[in-house]
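Okay, predicted coordinates and the sequence, questions at the end:
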Amino acid sequence: MGRTGTTRRHALMAMGATGAGLLTACSSDGAADGTLSPDTVARAARAQSALRRRSAETSEALLREYDAVLTRHPGQHRVVLP
C-alpha cells in the first residue's frame with residue numbers, strides 16, 4: 001500500500017520552509033524598532049492557518065485509515081489500560 005496524503009517528512013519540510021520564510025520576512029520587513037509590518041503579520045497568520053488546516057486533514061486521513069484497518073480485521077484489536 002502506497003503512502004497517501006502528507007508524510008511526516010513532507011510535513012516537517014513544509015514547517016521548516018514556512019519557518020525559514022517567516023524568519024526571512026521578519027528580518028526584511030521589520031522596522032528599525034523590531035516591529036513587524038501588517039503585511040508580514042498577515043502572511044504569517046495565513047501560513048499558520050494553512051499549516052493547521054493541512055495538519056487537521058492529515059489527522060483525519062490517518063483516523064480513516066485506522067478505522068479501515070479495524071473494519072478489515074475485527075477482533076484483532078484490544079485496548080490495554082495502564
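Sure thing, it's come through.

Who are the packing partners of the host helix or strand of residue 45?
According to DSSP states H and E, residue 45 maps onto helix 38-72. Judged by 3 or more Cβ pairs under 8 Å, 6 or more residues apart in numbering; DSSP states H and E, the packing partners of helix 38-72 are helix 8-29. Bear in mind the C-beta positions are built from the backbone N, C-alpha and C, glycine included.

Quick one: mean pLDDT over the helix it packs on.
Per-residue pLDDT over helix 8-29 has a mean of 62.

Please state the backbone phi and psi of residue 35?
phi -80, psi 160 (degrees, to the nearest 10).

Over to residue 74?
phi -70, psi 140.

Check what pLDDT it gets.
For residue 74, the pLDDT comes out at 83.

Next, count neighbours for it.
For residue 74, the count of nearby residues is 7 (other Cβ atoms under 10 Å).

For the closest residue to residue 55 other than its chain neighbours, which residues are in contact?
Using Cβ to Cβ, 6 or more residues apart in numbering and skipping residues adjacent in sequence, the residue nearest residue 55 is residue 11, 7.2 Å away. Residues in contact with residue 11, defined by Cβ atoms under 8 Å, 6 or more residues apart in numbering, are 54-55, 58.

Make a PyMOL selection of whichever of those residues turn out to be buried.
Buried residues among the contacts of residue 11 (16 or more other Cβ atoms under 10 Å), as a PyMOL selection:
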select buried, resi 54+58
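
so residue 36, which of the three states?
State at residue 36, reduced to three classes by DSSP: H, G, I helix; E, B strand; the rest coil: coil.

So what's the residue count around it?
16.

Angles on the backbone of it, please.
Main-chain torsions, residue 36, degrees, to the nearest 10: phi -100, psi 150.

and it, how far is that from residue 55?
Distance, residue 36 to residue 55, using Cβ to Cβ, to the nearest Å: 24 Å.
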